[in-house]
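J.: How does the following fold in three dimensions:
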Amino acid sequence: MEKVLYFEGAGMEFYSEEQTSQSDVGNFRIRTSFFDKNGIQHYVEVGNGYRPAKNNKSTNEMFLHVDYFFDVGVQLDNPNRKVCKKFDIHYLRTLDYTKENIVKLINDNLNTDFTSLEVLDPFYDYNVHDGKGLYNAMEFIDLNHERAKARKAAYEKIDMEYRKALNEKYSKIQILGMYDNDIVIRCYASDKALQVAGLERVVTIPVSY
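T.: Alright, predicted model coming up:
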């Protein structure tokens, strides 16, 4: 039976063919929290490092870098002490930054049996950190693929409308909140630019799925 390990995309998404040809992760930094087969909650955050060449300068070759790898209960009981598992950097540099290697590293070091990995985009609204020093486990994600797809389409549509009206090459909006049937966006252009374009700063966008 397939058992997917879901991550939150916490960094920048890949933007070049060189990056996608080296790794299938799609994001430079990802993080998650989950329960093992004994019910122990863990937190894992990984990203890509760049292998050094013989002259000790960095190359463009990605390897699997571990930022955080710990038992959540132990960390919460010891908030002022680092409880992360340490990995040998020379060993990590032998591992390509791929979904397969991330899953294998977790299964080899924890009591888990994940079979695959998926990085969720922001439209799933999975935030590992709850803002109160706790960790949201992936098992409690409201995993609705159709809703996430509809949210993304609605966001991209309003984003292009704002760019065109403001005559901007890059996005000038951000998400304030996501709900079952709508998302709320905020534009951070100047008051004058918004007035000239006839746009509202905060807008609620319906989401149909």
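
J.: Which stretches in the chain count as helices?
T.: 17-22, 72-77, 89-92, 99-109, 145-166, 191-197 (DSSP state H).

J.: which stretch among the ones you listed comes nearest residue 209?
T.: With distances scored as C-beta to C-beta, the stretch of these nearest to residue 209 is helix 145-166 (3.7 Å). All C-beta spots, glycine's among them, are computed from the backbone N, C-alpha and C.

J.: got the buried residues for the closest one?
T.: Residues of helix 145-166 classed as buried: 147, 148, 150, 151, 152, 154, 155, 158, 159, 162, 165, 166 (neighbour count, 16 or more other C-beta atoms under 10 Å).

J.: Not counting it itself, show me its contacts.
T.: Helix 145-166 is contacted from outside by 120-121, 123-124, 168-173, 175, 178, 180, 183, 185, 187, 189, 193-194, 197-199, 203, 205-209, using C-beta atoms under 8 Å, 6 or more residues apart in numbering.

J.: Relative to residue 63, which of the helices of the chain is closest?
T.: When the helices of the chain are ranked by proximity to residue 63 (C-beta to C-beta), helix 89-92 comes first, at 6.1 Å.

J.: name the helices or strands packed onto the closest one?
T.: Contact partners of helix 89-92 among helices and strands, from 3 or more C-beta pairs under 8 Å, 6 or more residues apart in numbering; DSSP states H and E: strand 58-71.

J.: what mean pLDDT does the strand it packs on have?
T.: Computed over strand 58-71, the mean pLDDT rounds to 92.

J.: what about it, distance to the chain center?
T.: 15 Å (C-alpha atoms, centre = their mean, to the nearest Å).

J.: Numbering from 38 from now on, please.
T.: Got it, first residue is 38 now, which makes that one strand 95-108.

J.: In it, which residues are buried?
T.: 99, 100, 101, 102, 103, 106, 107, 108.

J.: same check, this time on stretch 85-96
T.: Here stretch 85-96 shows 85, 86 as buried, counting by 16+ other C-beta under 10 Å.

J.: Kindly check the end-to-end length of it for me.
T.: For stretch 85-96, the first-to-last residue distance is 12 Å (C-alpha to C-alpha, to the nearest Å).

J.: For the closest residue to residue 222 other than its chain neighbours, grab the count of nearby residues.
T.: Distances taken as C-beta to C-beta, 6 or more residues apart in numbering place residue 210 nearest to residue 222, at 4.8 Å, with adjacent residues excluded. For residue 210, the tally of surrounding residues (other C-beta atoms under 10 Å) stands at 22.
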